[in-house]
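Student: Just the structure for this:
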Amino acid sequence: MNQGEPSLAYSTDEKALILFADVIDSSKYSAVLTMEDYAKQLLEIQKLFVKIGTSYFPIKDNNVSTYTNVDARGDEGTIFYVDQNADSVDSLYKAIMFSFELKARLELLHKNVPVPKPINMGIGIHYGTVALISCLKEISGRTKSIINHIEGFSINYAKRVESASRIGKYSKIFLSKDAASLISLEPIILAKYDSSLKGIDSNEEVYEVMSAFFEDLPFCGDEIERFIDTFGQNNDDLNLLRNPWLKGLVMSVLDTRLRRSFDNTLKSQYRKQLSEFAWRSPVEDDPILLFWRAKECGEDERHTLRISYLKNIIKSHPKFLHARIQLAKACWDVAKTSSKREEIIYAHDTAYEFVNRFSDCLSEEEKQFYSEILKKCS
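Tutor: Model prediction:
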């Protein structure tokens, strides 16, 4: 075989992460913007997609055991990723983080663009079997088989998952059933849909990422300050209120900054921002914000309130296994440390919450009532 001549490698057990992203209703923007402005918008999106994509999935030379392709053309972007040594959950986790950061940066990029609505992208993610297409290449005096590209049904399937993202109500980041099952233990909230995947199946399970919490988010650079200023400070932003995925990203960004900061003053600032963001409304139903409240309650040893928040999350999102695991720990903490009746502890924790977090919602009579409870229980 001549050097560079492709040789098809049929592999039934090689898995690839496949991601498709596409501008939703791109025709609406092309109808409003001039041809030049629309082309500029697409070029900015393409540049952003490749820049962020390669930061999460770096392209390596001489792909003997790995293959990464990050590409953007027209109004579409793709990521194909194979690493025989990578953990599948880690790969999917990074793909979802990438999707969140991409959408957040698009929100900032097009904040002041005169279009009918902010430019949005539908994203489809699948993890499935592919065939590796290899070619021979001379490396350090030796001829090696290098992965050149991938082929297979999984690519077509991932594209159909992306097409299904149009029916989404939240982030429009969709996962195949295979991908969703792999990240079931991560702090990621999923919404299930039955969708027709054109040319594949008339009734296929797909999952939308409703929200998520990421530890040690790579989101960094100059744009992060603008992101925090735009979404971390403005509690009345309608776009933020309507998009739980954006709330989850704000919490993740602030938490990452808290973890990475070595300055105690900055740490205190980020901790305060996190707390204020999570506790800003007494009627909040966002699962990630409630999850953070439960975390804070646990740190303050207010375990009955922690249990209450976790139970509310599980009631609305029974497949959020991360919350179920934390609930078991919270119940055990109550059992270990409580020398008082649970009802007394719950009354104290609830009074503490309203007096210290939501006092504006209380009448003077209610404030006095809760203050009496705190005095008697202390």
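Student: following the helix or strand of the chain with the lowest mean pLDDT, which helix or strand comes up?
Tutor: Ranked by mean pLDDT, DSSP states H and E, the weakest helix or strand in the chain is strand 6-9, scoring a mean of 52. With elements assigned by DSSP states H and E, the helix or strand that comes after strand 6-9 is strand 15-23.
Student: That next one - contacts with which helices or strands?
Tutor: Counting contacts by 3 or more C-beta pairs under 8 Å, 6 or more residues apart in numbering; DSSP states H and E, strand 15-23 packs against helix 35-56, strand 76-83, helix 88-109, strand 121-129, helix 153-164. For glycine as for every other residue, the C-beta is placed from the backbone atoms N, C-alpha and C.
Student: Show the average pLDDT along it.
Tutor: The pLDDT scores in strand 15-23 average 95.
Student: between it and helix 153-164, what angle do the directions make?
Tutor: 30 degrees (axes from the mean of the first three to the mean of the last three C-alpha atoms, to 10 degrees).
Student: pretty sure Y81 is touching K15, no?
Tutor: No: at 9.9 Å, Y81 does not count as touching K15 under the criterion of C-beta atoms under 8 Å.
Student: Would you mind telling me which of the two has more residues around it?
Tutor: Y81 (24 against 19; other C-beta atoms under 10 Å).
Student: dump the residue contacts of the more buried one.
Tutor: By C-beta atoms under 8 Å, 6 or more residues apart in numbering, the contact list for Y81 reads 16-18, 57, 67-69, 91, 95.
Student: Who are the contact partners of S316?
Tutor: Going by C-beta under 8 Å, 6+ apart, S316 touches 285, 287.
Student: what do you get if the cut-off is 7 Å, keeping everything else the same?
Tutor: Counting by C-beta atoms under 7 Å, 6 or more residues apart in numbering, S316 makes contact with P287.
Student: Please tell me how far it sits from M97.
Tutor: Distance, S316 to M97, by C-beta to C-beta, to the nearest Å: 24 Å.
Student: Could you single out the most deeply buried of the helices and strands packed on strand 15-23?
Tutor: Here the criterion is mean neighbour count by mean count of other C-beta atoms under 10 Å, and of these the winner is strand 121-129, at a mean of 24.
Student: what angle do that strand and strand 76-83 make?
Tutor: 30 degrees.
Student: what's strand 121-129 packed up against?
Tutor: strand 15-23, helix 88-109, helix 153-164, strand 173-176, helix 177-182 (3 or more C-beta pairs under 7 Å, 6 or more residues apart in numbering; DSSP states H and E).
Student: Switch these over to JSON lines; also include distance to W292.
Tutor: Formatted as JSON lines, the helices and strands packed on strand 121-129 follow (distance: least, C-beta to C-beta, whole Å):
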{"stretch": "strand 15-23", "distance to W292": "28"}
{"stretch": "helix 88-109", "distance to W292": "16"}
{"stretch": "helix 153-164", "distance to W292": "30"}
{"stretch": "strand 173-176", "distance to W292": "21"}
{"stretch": "helix 177-182", "distance to W292": "23"}
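Student: nearest to K329, of these?
Tutor: Proximity to K329 (C-beta to C-beta) singles out helix 88-109 among the helices and strands packed on strand 121-129, at 21.5 Å.
Student: which regions of the stretch 201-350 of the chain sit below the pLDDT cut-off?
Tutor: For the stretch 201-350 of the chain, the stretches with pLDDT under 70 are 201-202, 219-222, 232-241, 335-346.
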